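Below: sequence and its predicted model.
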Amino acid sequence: MRYIDDDIALVVKEAATGNQVAWEQLVARFTPMVASIARTYRLSTADTDDVCQTVWLRLVEGIGIIRDPERVAAWLAAVTRNESLRLIRRSGREAPVADTGLDETASDDREPDERLLTAETADLVQAAIDRLPARAQEVVRMLLADPAPCYEDVAAALGIPVNSVGPTRCRALRALAHSPVLAAAGFTPAP
């Protein structure tokens with residue numbers, strides 16, 4: 001794909017005129033961030049895909065009225081959060097179910113006890129993440145996405161300075177290493 005420019009405001013303005021290359025650049029650059037934010041709400045893969053499609057539709061509908069084109073990442077992040085919450089409310093779910101990270105459709109050659117251990121470990125880590133402060137939870141969940149977004153995208157999505165993402169991540173990982181939830185399960189931090 002040919003890039004128009006690294007200036008995101010220019011790319012947004014070009015996309016607003018219908019420039020297909022600009023749209024492709026926006027989608028390529030921000031889809032991982034949008035999907036990552038949606039996954040922080042523990043949506044299923046299908047629901048995450050639905051939220052992503054709805055977010056891009058909202059951008060198509062509203063690209064001409066975005067006041068600050070250079071802040072399109074923050075706009076996309078806010079719309080993603082709103083659409084994720086709307087989907088959860090519409091589905092009648094009161095609390096999202098933790099994603100074990102296991103894809104039921106994928107073939108898994110591991111023994112059942114290994115799969116169970118993996119699921120239990122994922123649940124423990126999720127419980128430990130849930131006990132972190134809200135900002136730390138958001139940063140950790142975004143950075144656990146596959147592929148992980150860059151710090152600039154995390155900062156834009158959360159509305160925080162880029163230089164605070166790394167320290168927040170470090171504090172969160174340190175807190176996880178010393179989590180009472182993980183300690184009670186026999187996990188100890190590496191020396």
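Noted; the coordinates are in hand. Quick caveat, the model's predicted, so the values are computed rather than measured.

Specify the local secondary structure of the residue positioned nearest the centre of the chain.
A centroid search over the chain (Cα atoms, centre = their mean) returns Ser36, at 2.0 Å, as the residue closest to the centre. Reduced to three states with DSSP: H, G, I helix; E, B strand; the rest coil, the structure at Ser36 is helix.

So it versus Asp47, what's the distance?
Counting by Cβ to Cβ, to the nearest Å, the separation of Ser36 from Asp47 is 14 Å. C-beta: built from backbone N, CA, C; applies to glycine.

rewinding a little: how about the residue nearest to the centre of the chain: what's its closest non-neighbour residue?
Using Cβ to Cβ, 6 or more residues apart in numbering and skipping residues adjacent in sequence, the residue nearest Ser36 is Ala145, 3.5 Å away.

List the buried residues of stretch 18-34.
Neighbour-count burial for stretch 18-34, counted by 16 or more other Cβ atoms under 10 Å, picks out Ala22, Trp23, Glu24, Gln25, Leu26, Arg29, Phe30, Pro32, Met33, Val34.

Can you show me the CA trace of the helix or strand hosting the fifth one as CSV?
Taking DSSP states H and E as the criterion, Leu26 maps to helix 20-39. Coordinates of each C-alpha in helix 20-39 appear next as CSV, following Å, rounded to 0.1, in the frame of the first residue of the first chain:
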residue,chain,number,x,y,z
GLN,A,20,-9.1,5.1,-0.9
VAL,A,21,-5.4,5.0,-0.1
ALA,A,22,-6.0,7.2,2.9
TRP,A,23,-8.8,5.0,4.1
GLU,A,24,-6.7,1.9,3.7
GLN,A,25,-3.9,3.6,5.7
LEU,A,26,-6.3,4.6,8.5
VAL,A,27,-7.7,1.0,8.7
ALA,A,28,-4.3,-0.6,8.6
ARG,A,29,-2.9,1.7,11.3
PHE,A,30,-5.8,1.8,13.8
THR,A,31,-7.6,-1.6,13.4
PRO,A,32,-5.2,-3.3,15.9
MET,A,33,-5.8,-0.6,18.4
VAL,A,34,-9.6,-0.7,17.9
ALA,A,35,-9.6,-4.5,18.3
SER,A,36,-7.4,-4.3,21.3
ILE,A,37,-9.7,-1.9,23.1
ALA,A,38,-12.8,-4.1,22.2
ARG,A,39,-11.0,-7.2,23.6
